[in-house]
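> 3D, please:
(chains A and B)
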Amino acid sequence: MAIGLLMLAGGSAAGMFGSLLGLGGGILIVPLLTLGFGLELRQAVGVSLVSVIVTSGASAGVYLQRNVANLRLGMTLELFTAIGALFGGLIAFLLSEQALAALFAALLLYVAVSLLRTGTAEAAQRQAEAGRADPGASPRFGLDLSGPGYRVRNLGRGAAGSLGAGVVSALLGIGGGLVKVPVMHLLMGVPLRVATATSNLMIGVTASASAVIYLFRGEIDPYVAGPTAIGVFLGASAGSRVAHRIDLRILRILFVAVLLYTAVQMLRRAVSG
Amino acid sequence: MTTSDRPDAAAGDRPADSPSTPGVETAPAARDGATGLEQTIARLLTIGTYAAVALFAIGSGLLLAAGGSPLDGGPRLDIGRVGADLGELRFDGFLWLGLLIVIATPAARVGVSFIGYLRAGERSMALVAALILGIISLSVALAIGTEG
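Got it, this is the predicted structure:
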């Protein structure tokens, strides 16, 4: 009973943290399950994929109802994230646990450094503004993906970025928003809010394309997936409700500390096996 | 086809006198709400997610009530047994059905989009949806083919 409740609480904390900082719960679920509960990395990745699909489904529904997410753009890009996820899901079973742990540590360090860098947001905003001023290219392949007030550009580069996001998602059990949001916002000229909502919409298809591989390879344990996914779902829901009351600067510093500590633990796991 | 005819046309493309929802935070150009296809997909995603979470809650509750632990190691997926487990109110059945719904919901969303775009005569977007379904099917086939 105690372990079940701990898993639920851990999932809630990961979901809330991720929701408050817009990172999704996946980035903390894998370390929680491997370092906290002793699961193998691939099993943790499988459970994390399930958790990110659950949280994405709930929030994407709201984003679509409010017409913030760009469905056409999301579907076009998820064609590439799904291909990436398919490859990533197959590659994940060729890599050793140590290699996966090292990759995850690198991801954690990357996210920690990104959160610490100041001024990036302003630079991104300026670039996006420039993108909006750009009249943009004509629709390619008969696809008009632009939305109200902005034109989508650099579809080819966006597709390449999405392919990479799919691989990373499948390998490490994260939603891939860390890659997709900057790609859409900085490269394709999509407003940050639309990029975030569209990325959220895409997570479901991306994660399910690789989750089936983990499922049939026996790497998704239903006993672990149940309480963890409920926890992440509840935490993410609570996080979105209290976000406006919390000082995100303090939270960001705390989160960076957690990420750095977790990265060190993952590196130790990568070295010691 | 004009932009406003699109099944998922942005709200900003529609006439300015469409009703808006007071108190709901939306993008400036999107205050009129979602279109038919988006509403259908939103409903599907919400129902799928909440159904899965409810099944997880029942399954996990039964597991813990029976004195089990999440770290006991669950059985591998045996689709043929899910129905029987549900009939016997076993936690395995609820947890597996929840997992299957979670993983199938995004594919169902693409299927609904495919039909929506096809009905609207949007061949390019229907093709995109069909290709995504093809990749998901390939993923399932490869997963079954390489089942460990």
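> Helices of the stretch 51-200 of chain A, residue ranges please.
Applying DSSP state H, counting those that start in this stretch to the stretch 51-200 of chain A gives helices spanning A:71-91, A:97-116, A:120-133, A:155-172, A:177-182, A:192-216.
> which other residues reach stretch A:30-37?
Counting by Cβ atoms under 8 Å, 6 or more residues apart in numbering or on different chains, stretch A:30-37 makes contact with A:3, A:7, A:10-11, A:14, A:39-41, A:43-45, A:47-48, A:101, A:104, A:108, A:172-174, A:224, A:228, A:262, A:265-266, A:269, B:70-71, all of which sit outside it. Heads up, the C-betas are built off the backbone N, CA and C, glycines and all.
> for that stretch, which positions count as buried?
A:30-35, A:37 (16 or more other Cβ atoms under 10 Å in any protein chain shown).
> hang on, residue B:106 packs against residue A:201?
No. The pair residue B:106 / residue A:201 is not scored as a contact, 9.4 Å apart, by Cβ atoms under 8 Å.
> Contact partners for the residue positioned nearest the centre of chain B?
When Cα atoms, centre = their mean is applied to chain B, the residue found nearest the centroid is residue B:105 (2.5 Å). Shown in contact with residue B:105 (Cβ under 8 Å, 6+ apart): A:53, A:57, A:204, A:208, B:44-45, B:48-49, B:52.
> quick one: pLDDT of it?
pLDDT, residue B:105: 96.
> and if you look at residue B:96?
We have a pLDDT of 96 for residue B:96.
> Tell me how many other residues crowd the nearest residue to it once chain neighbours are set aside.
The shortest distance from residue B:96 to any non-neighbouring residue, by Cβ to Cβ, 6 or more residues apart in numbering or on different chains, is to residue B:82 (4.9 Å). Neighbours of residue B:82 under the rule other Cβ atoms under 10 Å in any protein chain shown: 19.
> Residue B:82 against residue B:94, yeah?
No. Counting by Cβ under 8 Å, residue B:82 does not reach residue B:94; the two are 9.3 Å apart.
> any weak-confidence spans in chain B?
B:1-34, B:147-148 (pLDDT under 70).
> The stretch 1-150 of chain A now?
For the stretch 1-150 of chain A, applying pLDDT under 70 flags the ranges A:21-24, A:118-143.
> go on, the stretch 151-273 of chain A?
In the stretch 151-273 of chain A (pLDDT under 70), the answer is A:243-244, A:248, A:273.
> What residues does it have near chain B?
Residues of the stretch 151-273 of chain A lying close to chain B (Cβ under 8 Å from any Cβ of the partner chain) are A:191, A:193-194, A:204-205, A:207-213, A:215-218, A:220-227, A:229-230, A:233.
> show me where chain B has strands.
Assigned by DSSP state E, chain B shows no strands.
> Quick check: phi and psi on the residue of the stretch 1-150 of chain A found nearest chain B?
Closest to chain B within the stretch 1-150 of chain A is residue A:148: 3.1 Å, counting by Cβ to the nearest Cβ. Main-chain torsions, residue A:148, degrees, to the nearest 10: phi -70, psi 120.
> any idea how far residue A:95 is from residue A:212?
For residue A:95, the distance to residue A:212 equals 19 Å [Cβ to Cβ, to the nearest Å].
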